[in-house]
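Enquirer: Fold the stuff below for me.
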Amino acid sequence: MPPEISALAILGWGARYKAYAVKTNAYEAEQWLAAQVLPDHVRQQIRKSAIGAGSTTDSDLAFGINIGQWSDSVRTRSAFYRILADAAFTRVPAHQRVGVVTSTASGAVTGEGHAAPVSRVTINNVLLTPLKVTAFIVVTDTLLANVGPAGQSLLNRELAGVISDAADAAFFNSIVHTGITSTPSAGVTAVNAKHDLRTALLAVNTVGAAKLYWIAAPDVAKKASTLADTAGLDAFGAMSATGGELANLPCIVASGVPAGELFLIDASGIAVDAGPPTIDASSETNVLMDTSPSMDSSTPTAASTVSMYQTNSTALKPRLG
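Expert: Numbering: from 1, shown residues only. So this is what the prediction gives:
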């Protein structure tokens, strides 16, 4: 049996296939794909990317990757996909109004001859509206043509990084930050840090189906992993600079968290839906090579752009949502 190919590797091959198609034609792209050492089912998945019709709820343009495969592939790169892979979020379908129970039926002990209380269940309506997240990568034709282990590893790593960062940024900015009042830290010592954890735990639901996760900024994780008490003993032995546990709960480090911030979330209280990324490719567009462009369609600004055609490059645009 041939080795299983990860969803991230399939996405990388699919990106190459699309780039080859826009630089040549569909026939030559098909010949190129046939010459690669890939299982037949992977080739079939990649060929689906040529289908033109698609929406925010299907995966025809995502090379046949299902969300389970994708979230497993990038769970170590993205806080959002890590929690999704753990099945901790409450999954609801997009664009469909659903009822979510916000308080459940409860029983009570009643004495002889006493009235029994009536339990009440509260159901709220939820309508999940998808968010579209777009990333952008410019790669040289030399890299796209390099299908060896090093070339594949580089392209896959960059795709995973840019998609994971974009997904986490949308998650924190649109969901986690919404309606939250921050609590200042009690101080810099180990005792203060324990007090901060207790404050967060007391503010979050921990009963029923609660699924708790700490999400830390990189600098917070580094400090927590090296924090010692007055005797010089490690105060958070289960924590490292790349993640671990705080108060016996999983802690995920995410670059999308602002410096100095630590979140505690009950993932079961967040309704989400998600699909794998899709990729558009162009070898003819002009690109402003700027990591923080300031203009938009309402306030156009003159700028120097780089031609993909003239520089033998290809622009790849992964999209989520």
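Enquirer: what's the distance between residue 16 and residue 218?
Expert: Going from residue 16 to residue 218 by C-beta to C-beta, to the nearest Å gives 31 Å. Yep, even glycine has a C-beta here, placed from its N, CA and C like the rest.
Enquirer: Which one's more surrounded, these two?
Expert: Comparing residue 16 with residue 218 by neighbour count (other C-beta atoms under 10 Å), the higher total belongs to residue 16, at 27 against 14.
Enquirer: next helix or strand past the one helix or strand that one maps to?
Expert: Secondary structure here is read from DSSP states H and E; on that basis residue 16 sits in helix 7-23. Under the assignment DSSP H and E, the closest C-terminal helix or strand after helix 7-23 is helix 26-35.
Enquirer: Kindly provide the whole-number mean pLDDT of that next one.
Expert: For helix 26-35, the per-residue pLDDT values average out at 88.
Enquirer: Could you check the angle the helix holding residue 16 makes with helix 26-35?
Expert: Direction vectors for helix 7-23 and helix 26-35, defined by axes from the mean of the first three to the mean of the last three C-alpha atoms, to 10 degrees, enclose an angle of 150 degrees.
Enquirer: Now helix 7-23: average pLDDT?
Expert: Helix 7-23 shows a mean pLDDT of 88.
Enquirer: Check stretch 264-275 too.
Expert: 87.
Enquirer: need the strands for the stretch 1-150 of the chain, in chain order.
Expert: Using DSSP state E, counting those that start in this stretch, the strands found in the stretch 1-150 of the chain span residues 90-91, 97-103, 122-127, 133-134, 137-140.
Enquirer: thinking again about what came up before, for the helix holding residue 16, output the C-alpha coordinates as PDB.
Expert: Provided in PDB are the C-alpha atoms of helix 7-23 (Å, rounded to 0.1, in the frame of the first residue of the first chain):
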ATOM      1  CA  ALA A   7      -3.800  17.200   3.000                       C
ATOM      2  CA  LEU A   8      -1.000  19.800   3.100                       C
ATOM      3  CA  ALA A   9       1.000  17.900   0.500                       C
ATOM      4  CA  ILE A  10      -2.000  17.600  -1.700                       C
ATOM      5  CA  LEU A  11      -2.600  21.300  -1.500                       C
ATOM      6  CA  GLY A  12       1.000  21.900  -2.500                       C
ATOM      7  CA  TRP A  13       0.800  19.600  -5.500                       C
ATOM      8  CA  GLY A  14      -2.500  21.300  -6.400                       C
ATOM      9  CA  ALA A  15      -0.900  24.700  -6.200                       C
ATOM     10  CA  ARG A  16       1.800  23.600  -8.600                       C
ATOM     11  CA  TYR A  17      -0.800  22.100 -11.000                       C
ATOM     12  CA  LYS A  18      -2.800  25.300 -11.100                       C
ATOM     13  CA  ALA A  19       0.300  27.400 -11.600                       C
ATOM     14  CA  TYR A  20       1.500  25.100 -14.400                       C
ATOM     15  CA  ALA A  21      -2.000  25.400 -16.000                       C
ATOM     16  CA  VAL A  22      -2.000  29.200 -16.000                       C
ATOM     17  CA  LYS A  23       1.500  29.300 -17.400                       C
END
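Enquirer: could we number from 18 for the rest of this?
Expert: Fine by me, first position is 18 from now on; the one you just mentioned is helix 24-40.
Enquirer: ok, and what's touching it?
Expert: Judged by C-beta atoms under 8 Å, 6 or more residues apart in numbering, the contacts made with helix 24-40 from elsewhere in the structure are 45-46, 49-50, 53, 55, 59, 62-63, 66-67, 79-82, 86-87, 89-91, 156, 158, 161, 164, 169, 172-173, 176-177, 293-294, 296-301, 331, 333.
Enquirer: Buried subset of those, written for PyMOL?
Expert: Once 16 or more other C-beta atoms under 10 Å is used to decide burial, the buried members of the contacts of helix 24-40 can be selected in PyMOL as follows:
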select buried, resi 46+49+50+55+59+62+63+66+79+80+81+82+86+87+89+90+91+156+158+161+164+169+172+173+176+177+293+294+296+297+298+299+300+331+333
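Enquirer: Quick one: neighbours of residue 243, just the number.
Expert: Residues near residue 243, counting by other C-beta under 10 Å: 13.
Enquirer: Let's see the pLDDT reported for it.
Expert: Confidence at residue 243, expressed as pLDDT, is 91.
Enquirer: now residue 259
Expert: 91.
Enquirer: That one contacts residue 270, correct?
Expert: Yes - here residue 259 reaches residue 270: they are 5.7 Å apart, a contact under C-beta atoms under 8 Å.
Enquirer: In terms of neighbours, single out the busier of those two.
Expert: Counting neighbours by other C-beta under 10 Å for residue 259 and for residue 270 shows that residue 270 has the greater number, 23 against 13.
Enquirer: May I have the beta-bridge partners of that one?
Expert: Here residue 270 sits in beta bridges with residue 233, going by DSSP bridges.
Enquirer: Contact partners for it?
Expert: Shown in contact with residue 270 (C-beta under 8 Å, 6+ apart): 96, 232, 233, 234, 235, 238, 258, 259, 260.
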